[in-house]
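Chemist: coordinates only, sequence not included:
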């Protein structure tokens, strides 16, 4: 789920639950999640596999 | 009120620090009953304006103090906390008393048993004088969202003492007790300690049991003391952590101490006076022979997002049922924050936990070959009650984000961290410096060495 999709669904659900005040908080959280997913340590499986952390033998 | 007026005056029979009181009690130059009465008198005199306490245990405290005096007179000395009046943040269970967490959600609760830390303190003869106010469920840094009303800073009633252990810090600063036990999930011991000019210790993660303490985030919660000196913190830490064996290590020799200063990220948003006090302290440390050098935590700027994506969903898991059954019993801001947390996806929590591993490795690397990392604790002086933002230099920053900024990285990594007084602003508001280390006992020995230099007043 992209962040835009997640935010749209969360805003819609908050509205449905009678919590429209969550809007600004959810928008701030979306920006924070965007930063989390963009972090350069956040590797995925589209390229080289990440090294296992020390002590985590695979 | 001037800062000097906040502590009990020595002439009224109460010593300045917990350690000084402890020596007076041991030497029988002062009784626990007298020290306890002095604290109760302070509460009666000042707590109507400060609102530091949710529950005052006057009768229980008097009885415990009398027992302590009788035991010490009979030669049954339990240790340095024997007969010392302290308080507990009101999310720590004390058998037979309410644990409200400053919330209407828990208004009917009475603890059936002591938290592990309460039991350890009780066994050492500590006198519990009361339970202190906090930001509801420890989910905030100003103490404004409490079912029992906001806590006011003892030096300026229009300001917050910081939070979430704000009642604890205000009570210690105002002389209502000699120390308080708080909790720290993103800075909740260190932030109010810095705002109130106290010493506040967040021990290493897992070192002090959290059983019987209302949880916020299982990965980030810590329990520790707010007090008036590093010596006090060492005494309390020994008991809280159940450390046995020889007495705490003597302070390290200041000359030759090697301290890393992590400037990137940590110095990007600082009130100019806070930065000035810190830089002045660094110059004094160098003059005294300490070696200060640049340190790097390359992904420190990721700490706020990592923190949010761990702390919030873990808190939401604890609160989901009561949010559904009794949402009106939460203060609005805390309820909304918890409801927002329920939308965080599991995959983003996993990403944040990966980020935690990265930060742990980076802080370990920054500490390698050094005796500690030194940085400001709180980027701004105590903030005004009711303010959503605060000026930091030329910019306006959200109060919550700016107050957590320098402390939350070390909740994520679990390293022990202690805040020490580091001078005052021109308005007389305290500044704090934070020391981070690998092991709490080593950290305390370094903190004891730098304490007199950081705040020569």
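Modeler: Thanks, I have it. Note that the structure is predicted; figures quoted are calculated from it, not measured.
Chemist: Beyond the helix or strand hosting residue B:358, next helix or strand please.
Modeler: Using DSSP states H and E, residue B:358 falls within helix B:346-367. Sequence order places strand B:372-376 as the next helix or strand after helix B:346-367, per DSSP H and E.
Chemist: That next one packs against which elements?
Modeler: strand B:258-261, helix B:272-287, helix B:346-367, strand B:430-436, helix B:440-454 (3 or more CB pairs under 8 Å, 6 or more residues apart in numbering or on different chains; DSSP states H and E). For every residue, glycine as well, the C-beta is placed using N, CA and C.
Chemist: Name the strands paired with that strand and say parallel or antiparallel.
Modeler: Sheet neighbours of strand B:372-376, with direction, are listed as strand B:258-261 (parallel), strand B:430-436 (antiparallel) (DSSP bridges).
Chemist: out of those strands, deepest packed?
Modeler: Highest mean neighbour count of the strands paired with strand B:372-376: strand B:430-436, a mean of 28 (counted as mean count of other CB atoms under 10 Å in any protein chain shown).
Chemist: Rounded mean pLDDT for it, please.
Modeler: Looking at strand B:430-436 alone, the average pLDDT works out to 98.
Chemist: just stretch B:368-383 next, same as before
Modeler: Stretch B:368-383 comes out at a mean pLDDT of 98.
Chemist: Which positions in it come out as buried?
Modeler: Under the neighbour-count criterion of 16 or more other CB atoms under 10 Å in any protein chain shown, stretch B:368-383 has B:370-383 buried.
Chemist: Poorly predicted segments of the chain, please.
Modeler: You didn't say which chain, so I picked chain A. A:50, A:52-58 (pLDDT under 70).
Chemist: actually chain B
Modeler: Low-confidence segments of chain B (pLDDT under 70): B:1-15, B:245-249.
Chemist: residue contacts, the residue nearest the centre of it?
Modeler: Central residue of chain B (CA atoms, centre = their mean): residue B:189, 1.8 Å from the mean position. Residues counted as contacts of residue B:189 (CB atoms under 8 Å, 6 or more residues apart in numbering or on different chains) are B:165, B:182, B:183, B:200, B:201, B:202, B:222, B:224, B:225, B:226, B:419.
Chemist: any idea how far residue B:378 is from it?
Modeler: 12 Å (CB to CB, to the nearest Å).
Chemist: cool, residue A:47 as well?
Modeler: Distance from residue A:47 to residue B:378, by CB to CB: 41 Å.
Chemist: Can you pull the residues of chain B lying near chain A?
Modeler: Residues of chain B lying close to chain A (CB under 8 Å from any CB of the partner chain) are B:299, B:302, B:304-306, B:308-309, B:332, B:336-337, B:339-340, B:343-345, B:348, B:351-352, B:354-355, B:357-358, B:361.
Chemist: Could I have the buried ones of these as ChimeraX selection syntax?
Modeler: Buried subset of the residues of chain B next to chain A, written as a ChimeraX selection, criterion 16+ other CB under 10 Å:
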select /B:299,302,304,305,306,308,309,336,337,339,340,343,344,348,351,352,354,355,358
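Chemist: Let me know the helix or strand that the residue lying closest to residue B:400 once chain neighbours are set aside is in.
Modeler: Among residues not flanking residue B:400 along the chain, residue B:141 sits closest, at 5.8 Å (CB to CB, 6 or more residues apart in numbering or on different chains). For residue B:141, there is no host helix or strand (DSSP H and E).
Chemist: Return the residues in contact with residue B:141.
Modeler: Residues near residue B:141 by CB under 8 Å, 6+ apart: B:135, B:162, B:163, B:164, B:186, B:187, B:188, B:191, B:399, B:400, B:403, B:404.
Chemist: and the second one, what element?
Modeler: Meaning residue B:162. For residue B:162, there is no helix or strand it lies in under DSSP H and E.
Chemist: wait, it sits on residue B:382?
Modeler: Yes - the pair residue B:162 and residue B:382 passes the contact test of CB atoms under 8 Å, sitting 6.4 Å apart.
Chemist: hmm, back to that, common neighbours of residue B:189 and residue B:378, please.
Modeler: Joint contacts of residue B:189 and residue B:378 (CB under 8 Å, 6+ apart) are residue B:419.
Chemist: now residue B:105: how far from residue B:324?
Modeler: 12 Å.
Chemist: The two - which one has more neighbours?
Modeler: Per other CB atoms under 10 Å in any protein chain shown, whichever of residue B:105 and residue B:324 has more neighbours is residue B:105, with 24 against 8.
Chemist: Report whether the expected contact of the more buried one with residue B:322 is present.
Modeler: Yes - using CB under 8 Å, residue B:105 is in contact with residue B:322, at 5.2 Å.
Chemist: Show me whatever sits in contact with both of the two.
Modeler: Taking CB under 8 Å, 6+ apart as the contact criterion, the common neighbours of residue B:105 and residue B:322 are B:329, B:330.
Chemist: which parts of chain A sit against chain B?
Modeler: A:1, A:6, A:10, A:13-14, A:19, A:21-22, A:25-26, A:29, A:32-33, A:35-37, A:39, A:41-42, A:53-54.
Chemist: Report the buried members of the residues you listed.
Modeler: Buried subset of those (neighbour count, 16+ other CB under 10 Å): A:6, A:10, A:14, A:19, A:22, A:25-26, A:29, A:32-33, A:35-37, A:39, A:41-42.
Chemist: Identify the farthest-apart pair in the residues you listed.
Modeler: Maximum pairwise distance among these (CB to CB): 33.5 Å, between A:19 and A:41.
Chemist: about what we covered before: nearest to residue B:292 among the buried residues of stretch B:368-383?
Modeler: residue B:374 (7.4 Å).
Chemist: where exactly do the helices run in chain A?
Modeler: Remark: helices assigned in chain A by DSSP state H are A:3-16, A:22-38.
Chemist: correct me, but residue B:258 touches residue B:293?
Modeler: Yes - the criterion here is CB under 8 Å, and residue B:258 meets it with residue B:293 at 7.1 Å.
Chemist: list residues touching both of those two?
Modeler: residue B:370.
Chemist: burial count for residue 44?
Modeler: Picked chain A for this. Neighbours of residue A:44 (other CB under 10 Å): 9.
Chemist: oops, I was thinking of chain B
Modeler: For residue B:44, using other CB under 10 Å, the count is 12.
Chemist: for residue A:24, same thing?
Modeler: With other CB under 10 Å as criterion, residue A:24 counts 11.
Chemist: ok, now how distant is the most far-flung residue of chain B relative to its centre from chain A?
Modeler: Seen from the C-alpha centroid of chain B, the residue lying at the greatest distance (CA atoms, centre = their mean) is residue B:74, 35.0 Å away. Separation of residue B:74 from chain A (CB to the nearest CB, to the nearest Å): 52 Å.
Chemist: for residue B:183, same thing?
Modeler: Taking CB to the nearest CB, one finds residue B:183 at 24 Å from chain A.
Chemist: Identify the residue spatially nearest to that residue, adjacent ones excluded.
Modeler: residue B:223 (5.3 Å).
Chemist: Go over the secondary structure and confirm the one you found is in a helix.
Modeler: No - applying DSSP: H, G, I helix; E, B strand; the rest coil, one finds residue B:223 to be strand, outside a helix.
Chemist: what sits against it?
Modeler: B:92, B:117, B:181, B:182, B:183, B:184, B:203, B:208, B:209, B:210, B:213, B:240.
Chemist: Then the third one would be within a helix, right?
Modeler: No - inclusion of residue B:181 in a helix is not indicated when three-state DSSP is applied; the result is strand.
Chemist: Disregarding flanking residues, what is the spatial nearest neighbour of it?
Modeler: residue B:88 (5.1 Å).
Chemist: Look up how far residue B:162 lies from the one you found.
Modeler: Counting by CB to CB, the gap from residue B:88 to residue B:162 is 18 Å.
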